[in-house]
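Enquirer: need coordinates for the below:
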Amino acid sequence: MAALAITVPLLTAPAASAAAPGCDTKPVRTALKALESVGASGVGVTVKSPLCGVVSGGVGLADLATGRKVAGDEHSRIASNTKTWVATVVLQLVGEGKLGLEDTVDHHLPGLIRTKDYDGRRITIRQLLQHTSGLPDYLGAPFWENETAHRWDHIEPLQTIEQALTLPPPEDKPFSYSNTNTNLVGLIVAEVTGRSIGTEIEQRIAKPLGLRGTYWPGDRTTLRKPDLRGYVKRSGKVLDWTEWNVSGADASGALVSTGADVTTFWSALMSGKLLAPAQLAEMKRTVPDPTVPGARYGLGVERHNQPSGLVTWGHSGFMETGHKLRNVVTGDGRRAVTLLIGSEFFDEEKVDSIVDVLIRDLR
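Expert: I've put the predicted structure just below:
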């Protein structure tokens, strides 16, 4: 495998923001140095702080075949971080009176969920967003057992719902993380608005915030350039799995974005620029997430108590293409860290520790 290399941090904000008095990029440079030893193929790092604005940099290679280094401005699949963007759209619709969090699935999609184990008349939008619906994850269906069998296939979100309904209820209750939930939410949004969830994200979030690197891929298997290639290890070999039709992921994880765009979105979300106070408060109402010690889950958001003492919000992401994402942001949106990682193989504990120190030290 190609050796990791550090690149000089790239300023992605206007020069005036980066040159503000007191701006110190040392925390970013320290994090980039530490990321050399985590074992990933390449990592893009973007931060936002009051004194420096948005700053991006990279460590390692964005493309192992060509030797292209990570600059920090690459397009990447953000996987389950998509869920937060979807939840934001839903809560905007709630604020507009177009749907309610206590609306049932059956209210908007009559008869879709009606089996001996699952009843859409008893499952609410709140439960879908918070993963307390009791619906299983469609990825557990036999259809997905062969990792690459459907790599190039168009898959309708409705197919994933049908797959999930053939599975037994999850053992973990009341919280059970399931991609089925968010794909169902996407179908509800389409029913209410007459537009796909991808279009709603682009029109309600990406366009108003000027997020030019964020888009819904549909059936497109390639990423816009520059791209962060995605790598996996199988039978001891490193494979490039970047090209993939992720239509089946839909609302649960299809979005493509950049580090700067993700960071800008989360900062805007937490600072109240995208949701009214009542809806943001609903998003931050959490339940315990037993899969991660001390973690809690709101409506499409994760809440963590960092070792440094900070309370942060975010949403991790992993795509079968090898792309991973880590992000944390303070509750007021003033400090944020986003890592776009180009491989599924890396020291996750070390990365989490680096992220904790980085957001603690940002000024």
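
Enquirer: C-alpha from now on. contacts and neighbour counts both.
Expert: Fine.

Enquirer: what are the ranges of the helices in the stretch 1-150 of the chain?
Expert: Along the stretch 1-150 of the chain, the segments classed as helices by DSSP state H, counting those that start in this stretch run 15-18, 26-35, 82-95, 105-108, 125-130.

Enquirer: what's the weakest-modelled helix or strand in this structure?
Expert: Using mean pLDDT, DSSP states H and E, the weakest-scoring helix or strand in the chain turns out to be helix 15-18, at a mean of 31.

Enquirer: got a markdown table for the helices of the stretch 1-150 of the chain, with mean neighbour count and distance to Trp244 too?
Expert: Below are these laid out as a markdown table (neighbours: other Cα atoms under 10 Å; distance: least, Cα to Cα, whole Å):
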| stretch | mean neighbour count | distance to Trp244 |
| --- | --- | --- |
| helix 15-18 | 14 | 36 |
| helix 26-35 | 18 | 27 |
| helix 82-95 | 24 | 17 |
| helix 105-108 | 18 | 30 |
| helix 125-130 | 25 | 26 |
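
Enquirer: and Glu349, that's in a helix?
Expert: Yes - under DSSP: H, G, I helix; E, B strand; the rest coil, Glu349 falls within a helix.

Enquirer: what about it, how many residues nearby?
Expert: Other residues near Glu349 come to 10 when the count uses other Cα atoms under 10 Å.

Enquirer: which residues does the closest residue to Glu102 other than its chain neighbours form beta bridges with?
Expert: Once flanking residues are discounted, Glu102 sits nearest to Thr124: 5.3 Å by Cα to Cα, 6 or more residues apart in numbering. Beta-bridge pairing for Thr124 (DSSP bridges): Thr104.

Enquirer: for this structure, which strand is longest?
Expert: Longest strand in the chain by number of residues (criterion: DSSP state E): strand 53-63.

Enquirer: any buried residues in that one, and which?
Expert: Gly53, Val54, Val55, Ser56, Gly57, Gly58, Val59, Gly60, Leu61, Ala62, Asp63 (16 or more other Cα atoms under 10 Å).

Enquirer: where does pLDDT dip in the chain?
Expert: By pLDDT under 70, the low-scoring segments of the chain are 1-21.

Enquirer: try it again at 90.
Expert: 1-23, 172-173, 291, 293 (pLDDT under 90).

Enquirer: just give me the residue right at the centre of it.
Expert: With distances taken as Cα atoms, centre = their mean, the residue of the chain nearest its centroid is Asn81 (1.1 Å).

Enquirer: mind giving me the packing neighbours of the longest strand of the chain?
Expert: strand 10-11, helix 15-18, helix 26-35, strand 42-49, strand 68-69, helix 259-270 (3 or more Cα pairs under 8 Å, 6 or more residues apart in numbering; DSSP states H and E).

Enquirer: that one to helix 259-270, inter-axis angle?
Expert: Going by axes from the mean of the first three to the mean of the last three Cα atoms, to 10 degrees, strand 53-63 is angled at 140 degrees with respect to helix 259-270.

Enquirer: now the angle from strand 53-63 to strand 42-49?
Expert: Using the same axes, to 10 degrees, strand 53-63 lies at 180 degrees relative to strand 42-49.

Enquirer: what's the spacing between strand 53-63 and its chain's center?
Expert: 18 Å (Cα atoms, centre = their mean, to the nearest Å).

Enquirer: swap in stretch 230-243?
Expert: Distance of stretch 230-243 from the chain centroid (Cα atoms, centre = their mean) equals 21 Å.

Enquirer: what's in contact with it?
Expert: The contact list for stretch 230-243 (Cα atoms under 8 Å, 6 or more residues apart in numbering) reads 1, 41, 221-223, 229, 320-323, 342-345.

Enquirer: go again with 7 Å.
Expert: Thr221, Thr222, Arg229, Thr321, Gly322, His323, Gly342, Ser343, Glu344, Phe345 (Cα atoms under 7 Å, 6 or more residues apart in numbering).

Enquirer: and the residues you listed as TSV, adding secondary structure and distance to Thr115?
Expert: Formatted as TSV, the contacts of stretch 230-243 follow (DSSP: H, G, I helix; E, B strand; the rest coil; distance: Cα to Cα, whole Å):
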residue	secondary structure	distance to Thr115
Thr221	coil	34
Thr222	coil	38
Arg229	coil	41
Thr321	coil	33
Gly322	coil	35
His323	coil	35
Gly342	coil	40
Ser343	strand	39
Glu344	coil	36
Phe345	coil	39
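
Enquirer: Tyr297: which of the residues you listed is nearest?
Expert: Distances from Tyr297 to the contacts of stretch 230-243, taken as Cα to Cα, are shortest for His323 (22.4 Å).

Enquirer: what separates that closest one from Asp332, distance-wise?
Expert: Shown here: His323 relative to Asp332, a distance of 28 Å by Cα to Cα, to the nearest Å.
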